[in-house]
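Colleague: Can you look at this prediction? I've put the sequence above it.
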Amino acid sequence: MSKTDPAGALARIMGGHGAKQADGINVALPCKVITFDSAKLTASVQPLLKLTGSDPAQIMSVPVAGQKFKFKLDIDIGTGKIPQEFETVMRPALQPGDIVYVVCADAEIKNTLTGRVAAPDSGRRHSRNDAVIVGVMPCSL
């Protein structure tokens, strides 16, 4: 007669199931830039975290986030200083080999890239297909 602890066996089964589910969730990961399209502001990247036996697949056409800044300067015109407000847009300038930080959206982002509220076309959650490059890692600065 076997003396298997039913509660322990169930905990092992559920723990293994939870680990498999968690492996399918992508949140954020460091990647190396393979190509960068400065006109489209997209890049193909190679994830650097190897979580299985094989190298992870490249992620293609990843949108790259830019930055908008507003700043004030006092311009000296000889008769006094006049405060001036300026706004500038900083476009990414990635190069192959740069190490970037990529986040994966909670749901499919394709329909939102126009700037409008939209429902996703699929039930994807935390997929690498919905990745966005949000910054350059310090080792590439």
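Modeller: Okay, I see it.
Colleague: Name the nearest residue to P96, ignoring sequence neighbours.
Modeller: V33 (5.5 Å; C-beta to C-beta, 6 or more residues apart in numbering). Placement of C-beta: from N, CA and C, glycine included.
Colleague: doesn't L48 make contact with that neighbour?
Modeller: No. Contact criterion C-beta atoms under 8 Å: V33 and L48 do not qualify, at 11.1 Å.
Colleague: So for those two, which residues contact both of them?
Modeller: Residues touching both V33 and L48 (C-beta atoms under 8 Å, 6 or more residues apart in numbering): I99.
Colleague: Who has more neighbours out of those two?
Modeller: It is V33, of V33 and L48, that has more neighbours when counted by other C-beta atoms under 10 Å, with 22 against 15.
Colleague: For the more buried one, name its beta-bridge partners.
Modeller: On the basis of DSSP bridges, V33 is bridged to V45.
Colleague: show me what contacts it?
Modeller: Going by C-beta under 8 Å, 6+ apart, V33 touches 43-45, 94-100.
Colleague: V134: neighbour count?
Modeller: Neighbour count for V134, taken as other C-beta under 10 Å: 13.
Colleague: Output the helix or strand containing it as CSV, nothing but the C-alphas.
Modeller: Secondary structure assigned from DSSP states H and E places V134 in strand 131-136. Presented in CSV, the C-alpha positions along strand 131-136 are these (Å, rounded to 0.1, in the frame of the first residue of the first chain):
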residue,chain,number,x,y,z
ALA,A,131,6.5,44.7,-26.8
VAL,A,132,7.7,48.3,-26.7
ILE,A,133,11.2,49.5,-26.2
VAL,A,134,11.2,52.0,-23.4
GLY,A,135,14.8,52.9,-22.9
VAL,A,136,18.5,52.2,-23.4
